[in-house]
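Trainee: sequence first, then the predicted structure:
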Amino acid sequence: MPGDGIGQEVIPVAVAVLRAVLPELETVEMPAGWEAFEKYGASVPAETVTTIQACGAGLFGAVQSPAYKVAGYRSAILTMRQELELYANIRPVISLPNVSPRADVDMIIVRENSEGLYISDEESDGETAIARRRITKSGSQRIARKAVEVMEKFGRSRLTIVHKANVLPLTDGLFRDTVRAQIPSHFTVDELLVDVAALKMVGAPQTFDTLVTTNLFGDILSDAAAHWGGGLGLAPSLNWGDAIAVAEPVHGSAPDIAGKGEANPLAAVLSAAMLLDYVWDRPDLAARIQQAVASVLATPLPAKNRTALTQSALLQTLGENHP
Ligand code: GGG
């Protein structure tokens, strides 16, 4: 699902790179995003939802929602997360050559993706506006299980639970205590208040291993953390449930450069690699893509024709490094 704006340019590159390491890959292209809404009346048409369910995995580019309320419109990202129960948002942040401000960052943020303030339950009488924030035991249990799955898959040993239970003892207390109870004893578990975690994210990001947190805290912390991986333009992510995963670059549709061939496709490429790494159990193929990305980053490319130049450089590197 290339979606809107530069999604149309970066997703074909990511698919080409996936194909280079996994020639048997079968793909089908489906509409999603604002353009899909204008054409079909839904940002994620029903056929797109059933196709993702049938495939089990998706790759989404970007969405460009209007800055005003449109009757019947809901962001494609939020729609997919809810309709497909993609309750975990995985955001790895690792130092990359030439673009990272420091060389020793290697963390995975596991963000709860379905509850918290993102249930969008708001009311206002014009004087007072209220947003409800929902934390459930079952939602906290399943995100904890996902954090354990991620730690086991990647041989990680330390989990930091990020919360604000000193101010929100009922909601964040439930989250923290429920997550803690789910973590097997061979892992080291610590916890941080979100404000302290934010300070540490700025001052000592290399000290983080795996983090698990609620929806809004995870949204904010993971964007801040992306700075250490070269910025939002290079950040990959995976929306993941029990049966389905949708990878997507964190960046948006970038209407200012859309159609100019200047978009950097590396976040989309790294997101595609997350399907191999996390979902399809092919860390060997994911590593080949990650190494190709690192090698392409070692020689910065000009903005003009960046998308095509990056694709050629990646495919050439993958071809040369074929085992
Ligand atoms: N790939 C992530 C993306 O497209 N982000 C842009 C975004 O979140 N836009 C707001 C929205 O439409 O929900």
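Mentor: Perfect, I can see it now.

Trainee: make sure Ser185 is indeed in a strand.
Mentor: No: using DSSP: H, G, I helix; E, B strand; the rest coil, the assignment for Ser185 is coil, not a strand.

Trainee: near it, how many other residues are there?
Mentor: Neighbour count for Ser185, taken as other C-beta atoms under 10 Å: 6. Every residue, glycine included, has its C-beta placed from N, CA and C.

Trainee: so what pLDDT did it get?
Mentor: For Ser185, the model assigns a pLDDT of 97.

Trainee: need the contact list for it.
Mentor: For Ser185, no contacting residues are found, by C-beta atoms under 8 Å, 6 or more residues apart in numbering.

Trainee: do you know how far it is from the ligand?
Mentor: 37 Å (C-beta to the nearest ligand atom, to the nearest Å).

Trainee: again with Ala147
Mentor: 22 Å.

Trainee: one more: Glu262?
Mentor: 17 Å.

Trainee: which secondary structure element is home to that residue?
Mentor: Applying DSSP states H and E as the criterion places Glu262 outside every helix and strand.

Trainee: Thr307 is in contact with that one, correct?
Mentor: Yes: Glu262 lies in contact with Thr307 (C-beta atoms under 8 Å); the separation is 6.9 Å.

Trainee: the two: which is more packed in?
Mentor: Neighbour totals were compared for Glu262 and Thr307, and Thr307 leads with 20 against 17 (other C-beta under 10 Å).

Trainee: who touches the more buried one in this structure?
Mentor: Glu9, Val10, Val13, Gly261, Glu262, Ala263, Asn264, Pro265.

Trainee: between which two of those is the distance greatest?
Mentor: Val13 and Glu262 (12.8 Å; C-beta to C-beta).

Trainee: which residues touch the closest residue to the ligand within the stretch 201-323 of the chain?
Mentor: Residue nearest to the ligand within the stretch 201-323 of the chain: Gly252 (3.3 Å; C-beta to the nearest ligand atom). Shown in contact with Gly252 (C-beta under 8 Å, 6+ apart): Gly5, Ala62, Val63, Gln64.

Trainee: any chance of the residues you listed in CSV, with pLDDT too?
Mentor: Listed next are the contacts of Gly252 as CSV, based on pLDDT from 0 to 100:
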residue, pLDDT
Gly5, 97
Ala62, 98
Val63, 96
Gln64, 92
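
Trainee: report the buried members of those residues.
Mentor: Taking 16 or more other C-beta atoms under 10 Å as the criterion, what is buried in the contacts of Gly252 is Gly5, Ala62, Val63, Gln64.

Trainee: now the two most distant members of those residues.
Mentor: Gly5 and Val63, at 8.4 Å, using C-beta to C-beta across the buried ones among the contacts of Gly252.

Trainee: got the buried residues for the helix or strand harbouring Ala147?
Mentor: Secondary structure assigned from DSSP H and E places Ala147 in helix 137-153. Of the residues in helix 137-153, those with enough neighbours to count as buried (16+ other C-beta under 10 Å) are Gly139, Ser140, Arg142, Ile143, Ala144, Lys146, Ala147, Val148, Val150, Met151.

Trainee: do the same with stretch 179-198
Mentor: Under 16+ other C-beta under 10 Å, the buried positions of stretch 179-198 are Val179, Gln182, Ile183, Phe187, Val189, Glu191, Leu192, Leu193, Val194, Ala197, Ala198.
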